[in-house]
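Participant: just the structure for this:
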Amino acid sequence: MNGLRRKLPSTGALFVFEAAARLENFTRAADELNVTQPAVSRTLAALEGYLETQLFVREKPGARLTADGKLLKAAVSSAFLEIEQALDAIEERKTGKVQITLSVSTAFTTHWLMPRIARFQAAFPEVDLRFQLIPGPVSGPAETVDLAMRYFPKGEGTGRFVMHEAYVPVCSDGYLQTPHAKGETLIWLEGDDSDRMAGLEGRTGPVPETQLAFSDYSVVVQAALMGQGIAAGWLNVVAHWMREGRLVPAADRISVPGRECRLLMRPRAVREDLVAGVADWLVAELRQDLAAIDAAHPLLGIAALLETGSAS
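Facilitator: Numbering: from 1, shown residues only. Here you go, the predicted model:
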């Protein structure tokens with residue numbers, strides 16, 4: 001260990017390197033570590049200077065690992081995983097519970113998982129569920145979590161297929177029954193692809209003059225639940241509320257952008273059988289919601305979203 005200390009400027013530099021190497025982006029690494037991007041750049045430059053080798057090729061956007069960087073990443077990632085697994089084992093011995101970390105969007109957690117968390121705890125009393133919440137686009141590897149819900153272009157993803165990504169225009173049932181003097185209100189997610197919203201802006205054709213825009217999709221869904229307008233409902237997020245009848249289709253149409261929702265399991269996961277059981281439970285629960293929605297709204301054609309072939 002004394003030899004390792006002599007070969008590094010600080011052990012903290014390894015944490016910075018691991019995040020930057022995994023994300024291949026200094027800004028995203030800084031966000032994850034809750035430091036500034038210049039601080040990450042300085043730490044990595046100091047590490048490279050100390051080792052007298054280049055670890056990253058700086059690009060815009062992002063950073064690409066050199067051969068030496070890939071060598072160090074493999075060693076650091078393996079060591080960090082073993083340390084994390086040992087700490088989890090220690091915690092399990094103290095509490096009697098297995099920690100499983102789930103990486104999902106904030107909106108999915110808020111609007112789909114939280115309403116059924118009591119059922120999860122009843123099904124897995126031995127599991128202490130932890131979360132890596134993603135407020136923006138759902139991306140990133142599953143190397144640091146046990147399960148990750150991710151989206152891939154059709155036919156390019158790994159892991160377990162869950163469903164095809166799909167959007168439905170949704171609103172509260174009461175909103176449909178209320179006349180709107182200024183027309184219907186469209187609830188937007190700021191920065192969302194306008195093509196994704198095409199045809200989902202209501203039932204009357206053109207984009208309404210009255211609009212609400214939010215930077216957090218959880219708030220978009222909440223606004224729709226509160227009867228504030230019509231939103232593009234990311235189906236796996238709004239499935240619970242649609243099954244409950246709290247959200248209903250504003251039109252019998254569905255948008256399928258072409259990506260697949262998949263569950264990734266961390267390589268060399270501790271208690272792999274239990275992690276796989278949690279994945280089975282998540283998929284089964286979501287598919288039960290979708291089956292109920294399909295029965296209530298057959299014109300949407302939701303059943304096709306569960307087939308691994310093409311969906312339209």
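Participant: low-confidence stretches in the stretch 51-200 of the chain?
Facilitator: Applying pLDDT under 70 to the stretch 51-200 of the chain flags the ranges 92-93, 95-96, 135-137, 139-143, 180-183, 193-200.
Participant: need the helices for it, in chain order.
Facilitator: 67-95, 106-108, 117-123, 173-176, 194-197 (DSSP state H, counting those that start in this stretch).
Participant: kindly export the one helix or strand A30 maps to (C-alpha atoms) in PDB.
Facilitator: Per DSSP states H and E: A30 is located in helix 26-33. Provided in PDB are the C-alpha atoms of helix 26-33 (Å, rounded to 0.1, in the frame of the first residue of the first chain):
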ATOM      1  CA  PHE A  26     -15.600  16.100 -17.400                       C
ATOM      2  CA  THR A  27     -18.800  18.200 -16.900                       C
ATOM      3  CA  ARG A  28     -21.000  15.200 -16.100                       C
ATOM      4  CA  ALA A  29     -18.300  13.900 -13.800                       C
ATOM      5  CA  ALA A  30     -18.200  17.200 -12.000                       C
ATOM      6  CA  ASP A  31     -22.000  17.100 -11.600                       C
ATOM      7  CA  GLU A  32     -21.900  13.600 -10.200                       C
ATOM      8  CA  LEU A  33     -19.100  14.500  -7.800                       C
END
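Participant: what's it in contact with?
Facilitator: 15-16, 19-20, 22-23, 36-37, 39-41, 44, 61, 63 (CB atoms under 8 Å, 6 or more residues apart in numbering). The C-beta positions use only the backbone N, C-alpha and C, and glycine is treated the same way.
Participant: do that again at 10 Å, thanks
Facilitator: Outside helix 26-33, the residues that touch it by CB atoms under 10 Å, 6 or more residues apart in numbering are 12, 15-23, 25, 35-41, 43-44, 56, 58, 61-63, 132, 139-140, 144.
Participant: any idea which of the helices of the stretch 51-200 of the chain is most buried?
Facilitator: Of all those, helix 106-108 has the most neighbours on average by mean count of other CB atoms under 10 Å, namely a mean of 23.
Participant: which helices and strands does it pack with?
Facilitator: strand 127-134, helix 217-225, helix 235-244 (3 or more CB pairs under 10 Å, 6 or more residues apart in numbering; DSSP states H and E).
Participant: CSV for the ones you listed, including mean neighbour count and distance to M114?
Facilitator: Compiled in CSV, the helices and strands packed on helix 106-108 are given as follows (neighbours: other CB atoms under 10 Å; distance: least, CB to CB, whole Å):
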stretch, mean neighbour count, distance to M114
strand 127-134, 16, 10
helix 217-225, 21, 11
helix 235-244, 22, 9
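Participant: what's the closest of these to K7?
Facilitator: strand 127-134 (30.8 Å; CB to CB).
Participant: render the CA-only coordinates of the closest one in CSV, please.
Facilitator: The C-alpha coordinates for strand 127-134 follow below in CSV (Å, rounded to 0.1, in the frame of the first residue of the first chain):
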residue,chain,number,x,y,z
VAL,A,127,-34.1,-5.9,0.2
ASP,A,128,-33.1,-2.3,1.1
LEU,A,129,-33.8,-0.5,-2.2
ARG,A,130,-31.6,2.4,-3.0
PHE,A,131,-31.9,4.8,-5.9
GLN,A,132,-29.8,6.6,-8.5
LEU,A,133,-32.3,9.2,-9.7
ILE,A,134,-31.8,10.7,-13.2
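Participant: just checking: what are the partner strands of that strand?
Facilitator: Paired strands of strand 127-134, with direction, are strand 98-105 (parallel) (DSSP bridges).
Participant: can you give me the angle the partner strand makes with helix 235-244?
Facilitator: Put simply, strand 98-105 runs at 100 degrees to helix 235-244, going by axes from the mean of the first three to the mean of the last three CA atoms, to 10 degrees.
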